[in-house]
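>>> could you look at this predicted model? Sequence included:
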Amino acid sequence: MKHRIWIAAGNYHPISGTSEVIFMNQPVNRPRRIEYLDLYRAFAIMAVVAIHATSTAVAHYPKHTLDHDVYYFWNTFLQFAVPAFLFLSSLVLFYNYSSKVNEKGWMLAFYKKRLFNVFVPYVVWSLIYFAIKQLLAGKEPLTHSVQFAKQLVMGTAHTHLYFFLIILQFYIVFPWLLSITRHRLFNRYLPLFFIAGQAIFYALHLQFHFERTGSLLPSYLIVIGFGAWVGLNFEWALKKLYTHRYVLIAALLGGGAIFIYGNAYIKTAFAAYPVITYTVLFLFRNLFTLSACLLLLIFSERIGTGKHTEVRKATRILDSLGTVAFGVFLMHPLVLLFWRREFTDDLARHFSVGIILSYIVALLISWICATGLRRMKWGWVLIGR
């Protein structure tokens, strides 16, 4: 028996939350759009903007002062934000495409929509950031095309653009990953395979010393693997996670304490044993990051499905941020760049106030601009679809 239900079409971006949602006759086992994931995006993008806004404060204040310790805590604690987007990307892709794996031509359609709608904004914004930085340095951008090409390949036109190299890598291998989930053994122990994959990558890194590991997909296999597991078993997995929420909270607190405050001690204590150092840091860093991603999902689901009127009003505002999170991610560093250039000296006596204001201004201006661009036909060139 078939019923009319809302479903999300294939063109669905994990950060922006935009999708070609259509109303049609579909079997009830087709995936429905998970509305409260916009809340997840909103919380994650607020964390990303906070990381970039507080980075100068961490460098500005002397170590072992109260101001430095406060900004260091928040800047480090919020480092789960980018992995959270990769977790969500994996969840959404496996959730939406698991039922399409046997459909003819789904893979080609996936590549055309996903890669094109991410690659074009990436190139455009890489050019924007490169040109602005060259002009501010008194250089002519057109005479440095080779330098731009290198930065485009490496994702270094600006600090945040490395994320797009990671997501493009993930999109390239996703159809292959989805196909092997059809094998019973891989499907049953899916997270363990991804944990093993990231552990092997780190072991190889110890031997061969890869450059820019933070821009390589294998550095994030654990959150991607758990995102895939949740996406393939959504209702059951969410109930399971909620049942074990206190275990996740303990993992977040324990892993976070070591990740935030124990790094330097571990590196010093095991300086002669790099394998032990990497193993301990690997365990606690990923314990903290993964538990943060899972708890954020539970938190978003609890709030998003709540019945309280005032809470629902607040979530509607955050939903609007979540739907344009991709655009905010792209634009907010540009706002921060000009803020620091124009107002740092004026606010030198009130540095902390300047940091807080920079965060608010970067978030709001990017939010407003992305919302406006989303309504324009050509806006996808800058903020994707």
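Thanks, I have the structure now. Source: prediction; values computed, not measured.
>>> which secondary structure elements does the strand or helix carrying W367 contact?
In the assignment (DSSP states H and E), W367 maps to helix 351-374. Under the contact criterion of 3 or more C-beta pairs under 8 Å, 6 or more residues apart in numbering; DSSP states H and E, helix 351-374 touches helix 37-60, helix 309-323, helix 325-343, helix 380-383. For glycine as for every other residue, the C-beta is placed from the backbone atoms N, C-alpha and C.
>>> now the third one: how far from the chain's centre is it?
What it means is helix 325-343. Taking the mean of its C-alpha atoms, helix 325-343 sits 17 Å from the chain's own mean (C-alpha atoms, centre = their mean, to the nearest Å).
>>> on that earlier part again, and the helix holding W367, what's buried?
Buried residues in helix 351-374, defined by neighbour count with 16 or more other C-beta atoms under 10 Å: 354-355, 358-359, 361-363, 365-367, 369-371, 373-374.
>>> return the closest of those with respect to F326.
The closest of these to F326 turns out to be A370 (C-beta to C-beta; 7.7 Å).
>>> so what's the residue lying closest to the closest one once chain neighbours are set aside up against?
With C-beta to C-beta, 6 or more residues apart in numbering as the criterion, A370 has its nearest non-adjacent residue at 2.8 Å, and that residue is G327. Contact analysis of G327 by C-beta atoms under 8 Å, 6 or more residues apart in numbering lists 16, 366, 369-371, 373-374, 382-384.
>>> distance check, G327 against N117.
Distance of G327 to N117, given as C-beta to C-beta, to the nearest Å: 12 Å.
>>> buried residues, the helix or strand L135 falls within. List them.
Element membership of L135 [criterion: DSSP H and E] is helix 106-136. Applying a neighbour-count criterion of 16+ other C-beta under 10 Å, one finds 106-107, 110, 113-114, 117-118, 121-122, 125-126, 128-132, 134 buried in helix 106-136.
>>> before we move on, what about stretch 157-168?
Buried residues in stretch 157-168, counted by 16+ other C-beta under 10 Å: 157-158, 160-168.
>>> may I have the phi/psi pair for the residue positioned nearest the centre of the chain?
Taking C-alpha atoms, centre = their mean as the criterion, F85 is the residue nearest the geometric centre of the chain, at 2.5 Å. The main-chain torsion angles of F85 are listed as degrees, to the nearest 10 and equal phi -70, psi -40.
>>> pLDDT value on it, please?
F85 carries a pLDDT score of 96 in this model.
>>> and the gap between it and F148?
If you measure F85 against F148 using C-beta to C-beta, the figure is 26 Å.
>>> check S219 too.
Distance from S219 to F148, counting by C-beta to C-beta: 25 Å.
>>> hang on, the earlier thing: dump the helices and strands packed on helix 351-374 to TSV, plus distance to L178.
Supplementary listing: these in TSV, determined by distance: least, C-beta to C-beta, whole Å:
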stretch	distance to L178
helix 37-60	19
helix 309-323	25
helix 325-343	22
helix 380-383	25
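>>> and of these, who's closest to K267?
helix 37-60 (18.2 Å).
>>> so which of the contacts of G327 is the closest to V153?
Distances from V153 to these, taken as C-beta to C-beta, are shortest for G384 (20.1 Å).
>>> for the closest one, give me phi and psi.
phi 70, psi -170.
>>> cool, and A157?
For A157, the backbone dihedrals (degrees, to the nearest 10) come out as phi -60, psi -30.
>>> would you mind writing the CA trace of stretch 206-216 as PDB?
Extracted C-alpha coordinates of stretch 206-216, given in PDB (Å, rounded to 0.1, in the frame of the first residue of the first chain):
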ATOM      1  CA  LEU A 206      53.500   7.600  11.900                       C
ATOM      2  CA  GLN A 207      55.600   5.700   9.400                       C
ATOM      3  CA  PHE A 208      55.400   8.000   6.400                       C
ATOM      4  CA  HIS A 209      54.500  11.400   7.900                       C
ATOM      5  CA  PHE A 210      51.700  12.600   5.500                       C
ATOM      6  CA  GLU A 211      51.300  16.300   5.000                       C
ATOM      7  CA  ARG A 212      48.100  18.100   5.900                       C
ATOM      8  CA  THR A 213      46.400  15.100   7.300                       C
ATOM      9  CA  GLY A 214      43.500  17.400   8.500                       C
ATOM     10  CA  SER A 215      42.600  17.800   4.800                       C
ATOM     11  CA  LEU A 216      42.500  14.100   4.100                       C
END
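>>> just how off-centre is the helix or strand H205 falls within within its chain?
When elements are assigned from DSSP H and E, H205 belongs to helix 190-208. Mean-position distance between helix 190-208 and its chain equals 20 Å (C-alpha atoms, centre = their mean).
>>> restrict the following helix or strand past it to CA atoms and write it as CSV.
Past helix 190-208, heading to the C-terminal end, the next element that is a helix or strand (DSSP H and E) is helix 221-232. The C-alpha coordinates for helix 221-232 follow below in CSV (Å, rounded to 0.1, in the frame of the first residue of the first chain):
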residue,chain,number,x,y,z
LEU,A,221,36.5,8.0,9.1
ILE,A,222,35.2,7.4,12.6
VAL,A,223,32.6,10.1,12.5
ILE,A,224,31.7,9.2,8.9
GLY,A,225,31.3,5.6,9.9
PHE,A,226,29.0,6.3,12.8
GLY,A,227,27.1,8.8,10.6
ALA,A,228,26.6,6.0,8.1
TRP,A,229,25.5,3.6,10.9
VAL,A,230,22.9,6.1,12.2
GLY,A,231,21.7,6.9,8.7
LEU,A,232,21.2,3.2,7.7
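>>> show the subsequent helix or strand relative to helix 221-232.
helix 234-243.
>>> my read: Q151 touches L127, true?
No - look at Q151 against L127 with C-beta atoms under 8 Å: they stay out of range, at 9.8 Å.
>>> what's the overlap in contacts for these two?
A shared contact of Q151 and L127, defined by C-beta under 8 Å, 6+ apart, is any residue touching both; here these are A157.
>>> what sits closest to F186 if chain neighbours are left out?
Nearest residue to F186 in three dimensions, chain neighbours excluded: I180, at 5.2 Å (C-beta to C-beta, 6+ apart).
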